[in-house]
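Asks: below: sequence and its predicted model.
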Amino acid sequence: MEKKMSPLDLEDVMKISEIAKKVKVNSNTVTRWCNKGYFPNAFRVGSSWRIPRTDVENYILHITEKEKKEAKGWPG
């Protein structure tokens, strides 16, 4: 039987500060992304966001693919 992630299973989630460091942006930027719904499975623990690692990985892959497509438009 597949285990569903619950807010209590915190080893599969990341904090805002961890994501900010990983993608080299300010923590406020990641908070804004959460508020805009960029991480569909993000949830709050008190006033702090927790974001499933898979959401973060998917977002990074999406951004990487977008950058690759945009780079193809540059001459060179």
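Replies: Good, I have the coordinates.

Asks: tell me which strands the lengthiest strand in the chain pairs with, and in which orientation.
Replies: In the chain, assigned by DSSP state E, the strand with the most residues is strand 48-52. Counting by DSSP bridges, the strands paired with strand 48-52 are strand 13-15 (antiparallel), strand 43-45 (antiparallel).

Asks: report the central residue of this protein.
Replies: In the chain, the centroid-proximal residue (C-alpha atoms, centre = their mean) is residue 56; its distance is 3.0 Å.

Asks: contacting residues for that one?
Replies: Applying C-beta atoms under 8 Å, 6 or more residues apart in numbering, we find residue 56 in contact with 14, 19, 22, 39. (Glycine included, C-beta is placed from N, CA and C.)

Asks: of those, which belong to helices?
Replies: Counting by DSSP state H, the contacts of residue 56 place 19, 22 in helices.

Asks: could you dump the contacts of residue 56 into a markdown table and include distance to residue 48 and pLDDT?
Replies: Shown next, in a markdown table, are the contacts of residue 56 (distance: C-beta to C-beta, whole Å; pLDDT from 0 to 100):
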| residue | distance to residue 48 | pLDDT |
| --- | --- | --- |
| 14 | 11 | 95 |
| 19 | 12 | 95 |
| 22 | 17 | 90 |
| 39 | 14 | 93 |
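
Asks: pull the most distant pair out of the contacts of residue 56.
Replies: Maximum pairwise distance among the contacts of residue 56 (C-beta to C-beta): 13.1 Å, between 22 and 39.

Asks: pull the number of nearby residues for residue 16.
Replies: Neighbourhood size, residue 16 [other C-beta atoms under 10 Å]: 20.

Asks: residues in contact with it?
Replies: Counted by C-beta under 8 Å, 6+ apart, residue 16 has contacts 27, 30, 31, 34, 48, 49, 51.
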